[in-house]
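Peer 1: Curious how this folds, go ahead:
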Amino acid sequence: MSVKQVEAAYRPGVWLTDMRRGKVGQLMEDWGARVRLRAPGGGREWEVEQGRVRPATLEERERAGVPGAFVVTSYGTVTRRDEA
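Peer 2: The predicted structure follows:
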């Protein structure tokens, strides 16, 4: 499988999907060709090639348990952030 080089620069704190592992992680550091991610619950960071990550979708963030993927409306119901 060919890896397409991505020239996108992501800001620390953004949630990315590691396409190779199928895991969601928060960007801790960007080292150019590689980035360092940490799982939503914390724990050990891992490195992945820049071309093997993409922004995590709302559904991926929800499944991974990312805080803030849901909001509580003024009626007290829980809903997805994009529907609030």
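
Peer 1: C-alpha only now, for contacts and for neighbours.
Peer 2: Will do.

Peer 1: what about the nearest residue to Glu49 once chain neighbours are set aside, neighbour count?
Peer 2: Leaving aside its sequence neighbours, Glu49 sits nearest to Arg34 (CA to CA, 6 or more residues apart in numbering; 4.3 Å). Neighbour count for Arg34, taken as other CA atoms under 10 Å: 15.

Peer 1: Tell me the spacing between Arg52 and Gly32.
Peer 2: The gap separating Arg52 from Gly32 is 13 Å, by CA to CA, to the nearest Å.

Peer 1: brain fart, Gly22
Peer 2: From Gly22 across to Gly32, the span is 21 Å (CA to CA).

Peer 1: can I assume Val14 is in contact with Gln26?
Peer 2: Yes: with contact defined as CA atoms under 8 Å, Val14 counts as touching Gln26 (5.6 Å).

Peer 1: more neighbours, these two?
Peer 2: Higher neighbour count among Val14 and Gln26: Gln26, with 22 against 13, using other CA under 10 Å.

Peer 1: How many residues are close by the spatially closest residue to Gln26 that is not a sequence neighbour?
Peer 2: Ranked by CA to CA, 6+ apart and with sequence neighbours excluded, the top spatial neighbour of Gln26 is Trp15, at 4.4 Å. For Trp15, the count of nearby residues is 26 (other CA under 10 Å).
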